[in-house]
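Trainee: Quick one, fold the following:
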Amino acid sequence: MKNHPAYRLALALLCGALLVAAAPARRGGEVRPPAVAGSWYPDRPSLISAEVDRLVRATAGAPALHGKPVALIVPHAGWRYSGFAAAAAFRNLNPGDFDRVVVVGPSHHVSFTGFAVSAAAAFRTPAGEVPLCHEEVDRLVDGKTVRVVPDADDHEHSVEIELPFLQERLDRFCLVPILAGRTDPTMQRDLAARLARLRDGRTLFVFSSDFTHYGPNYDYVPFGPSAIKAREPIRALDTRALGYLLTPDATGFRKFLEETSDTICGREGIQVLLELLSRIAPDAKAARLAQYASIDIPGFESDSAVTYVALAYADGQPPPGEPLGPPPPYPSVPSSAARISDDLGSRLVKVARATLLTELRGTDDLRRALREIPAAARAEMSRLQAAFVTLNRTDPRDIARQGRLRGCIGQVYPAYPLPEAVVIAAASAALQDPRFPPVRPEELPWLEVEVTVMSPPQPIDSWEKIAIGRHGIVLKKGNHRALFLPQVPVEEKWTLEQTLSHLSQKAGLPEDAWREGAVFEVFEGQKFAEHRGAKKGDSGGT
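Mentor: Numbering: from 1, shown residues only. Coordinates of the predicted model:
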């Protein structure tokens, strides 16, 4: 009864109608759609799961908290820049750790005074919908310090960019999204006091901020016009700012900002955090988990730069270890690498099947399948390796009408760590193979999934060196190219010459085009398949 809208309205009227004036209108239960999916982070649920899993595995060397964090500071640039730093913080979260997450980020697009909450019923990302904690949001609003600012969150990325990480790591939670406009210390303390009421051991506080924005693009050049030449002074400036956050020292941080005009975009929210900690966790210690600038990432050197920092606040002593620097490059698998184990191959087949379920039925199977890959496989998971995923029909009636193949796509050359390579191949085989319409959900029980893990293609000087049953083949001639996995000619019972004729036709060439002017590469593959008669680990593929 107390949660009934009529009861709440009557209570507000008895209290002078203040709550009615201040509470957000829910816009008919509208869901706020993603604004930067597909550009700042992936736009498919399977790709989000794969990339978060990759980033979390890559940050295994970051200092690890001894318990659950109270609060996090994480960056909010595109994942290609800041995802590595964000993962160093979010990796400390596990499913079920928190029921509620408060995310405070700066407003980049709409100018206003104070703090803004959303009038949406939920935020949607490609990974699903996150409902707002409606009662908690309503209680924050006073019409002065905290209010609804129409359209403030429509194009804003500072909250949205954190949500897929939270969805992947926590599974389920409700959200309190807050955008910071122009504020003063009184407003910051006021919001901190309001947020402190939410501290119950099941609420995580996330403060979204990039650090120093340096260079001509940001009109901040105290050390000269080139961020590359000013690399060390920029790092010293960021380290000085972090000193006040590690203490923590709200007054010192404010004086630092006044003195330096440092372009920390989330400074309003960070000042709320510093005021909040003294109220909810006065003994919490800060752990510096990652710190680097965009110009530290190979390929992104520029006269302008942004610094990305990950901090975590938790009770107890901070963990030992140095913060991570920029994301390291991923090595390609060598041609001499040992074959992967049957256990890992079986897990990759489950990852491929889970990708189909996640994409076509909206389940969280992929998230769970990736978590189940053991840490002992970290070396194999951290190098680039190509993979193909093949979908085969199993219903004899469908096979008689349409053939066995339902989709087959992958990478020729190593481009992704192995789990991500399998996810991308599986989603593409189901939805983007140009030879077939997209797979429908009702087809899934009648499809068999195969994964072929490939060695890097190696050039050969004569087609006669191709070994049927052992080698996969890449044929190139002019602008034409085609590939057969190792098992194709075996399954079709072709000779080498027949195989090359079919491969030429697949490349859009005459059937005898392979005889003159063609260039060949060969590779080996391990095929792993779901039951239905396939042997795990045999040489070949589909």
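Trainee: Near Tyr220, how many other residues are there?
Mentor: 18 (other C-beta atoms under 10 Å). From N, CA and C alone the C-beta is placed, and that goes for glycine too.
Trainee: Return the residues in contact with it.
Mentor: By C-beta atoms under 8 Å, 6 or more residues apart in numbering, Tyr220 lies in contact with Thr212, His213, Tyr214, Ser261, Thr263.
Trainee: Of these, which is the most crowded?
Mentor: Counting neighbours by other C-beta under 10 Å, Tyr214 leads the contacts of Tyr220 with 32 neighbours.
Trainee: And the contacts of the helix or strand harbouring that one?
Mentor: Per DSSP states H and E: Tyr214 is located in strand 213-214. Residues outside strand 213-214 that contact it (C-beta under 8 Å, 6+ apart) are 220-221, 223, 227, 230, 234, 263, 265, 293, 304-307.
Trainee: and with 7 Å instead?
Mentor: Tyr220, Ala227, Ala230, Ile234, Thr263, Cys265, Ser304, Ala305, Val306 (C-beta atoms under 7 Å, 6 or more residues apart in numbering).
Trainee: got the residues you listed as JSON lines, with distance to Ala71 columns?
Mentor: Compiled in JSON lines, the contacts of strand 213-214 are given as follows (distance: C-beta to C-beta, whole Å):
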{"residue": "Tyr220", "distance to Ala71": "27"}
{"residue": "Ala227", "distance to Ala71": "29"}
{"residue": "Ala230", "distance to Ala71": "31"}
{"residue": "Ile234", "distance to Ala71": "25"}
{"residue": "Thr263", "distance to Ala71": "22"}
{"residue": "Cys265", "distance to Ala71": "18"}
{"residue": "Ser304", "distance to Ala71": "29"}
{"residue": "Ala305", "distance to Ala71": "26"}
{"residue": "Val306", "distance to Ala71": "22"}
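Trainee: Buried ones from those, can you make that a PyMOL selection?
Mentor: Those of these that count as buried under 16 or more other C-beta atoms under 10 Å are selected in PyMOL with:
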select buried, resi 220+227+230+234+263+265+304+305+306
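Trainee: Inside helices: which ones of the contacts of strand 213-214?
Mentor: Ile234 (DSSP state H).
Trainee: List the pairing partners of the strand holding Tyr214 within its sheet, with orientation.
Mentor: The pairing partners recorded for strand 213-214 under DSSP bridges are strand 305-314 (antiparallel).
Trainee: pLDDT averaged over the partner strand, what's the number?
Mentor: What strand 305-314 shows for mean pLDDT is 98.
Trainee: same thing with stretch 373-382?
Mentor: Mean per-residue pLDDT for stretch 373-382: 82.
Trainee: Name the residues of it that come out as buried.
Mentor: In stretch 373-382, counting by 16+ other C-beta under 10 Å, buried: Ile373, Ala377, Glu380, Met381, Ser382.
Trainee: Rebuild the residues you listed as TSV, extending it with secondary structure and distance to Pro34.
Mentor: Listed next are the buried residues of stretch 373-382 as TSV, based on DSSP: H, G, I helix; E, B strand; the rest coil; distance: C-beta to C-beta, whole Å:
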residue	secondary structure	distance to Pro34
Ile373	coil	27
Ala377	helix	32
Glu380	helix	33
Met381	helix	28
Ser382	coil	29
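Trainee: so what's Lys68 up against?
Mentor: Asp97, Ala314.
Trainee: typed the wrong thing, it's Val306
Mentor: Ala77, Asp210, His213, Ala293, Ser294.
Trainee: same check, this time on Thr260
Mentor: Contacts here follow C-beta under 7 Å, 6+ apart; on that basis Thr260 touches Leu237.
Trainee: For the remainder of this discussion, apply numbering that starts at 878.
Mentor: Sure, I'll start counting at 878 from here, so that last one is Thr1137.
Trainee: Averaged pLDDT, the helix or strand hosting Arg1358. What do you get?
Mentor: Assigned by DSSP H and E, Arg1358 belongs to strand 1357-1361. Strand 1357-1361 shows a mean pLDDT of 96.
Trainee: Please name every helix or strand in contact with it.
Mentor: Contacts defined by 3 or more C-beta pairs under 7 Å, 6 or more residues apart in numbering; DSSP states H and E place strand 1357-1361 against strand 1349-1354, helix 1373-1383.
Trainee: Next, the angle from it to strand 1349-1354.
Mentor: Orientation check (axes from the mean of the first three to the mean of the last three C-alpha atoms, to 10 degrees): strand 1357-1361 against strand 1349-1354 gives 170 degrees.
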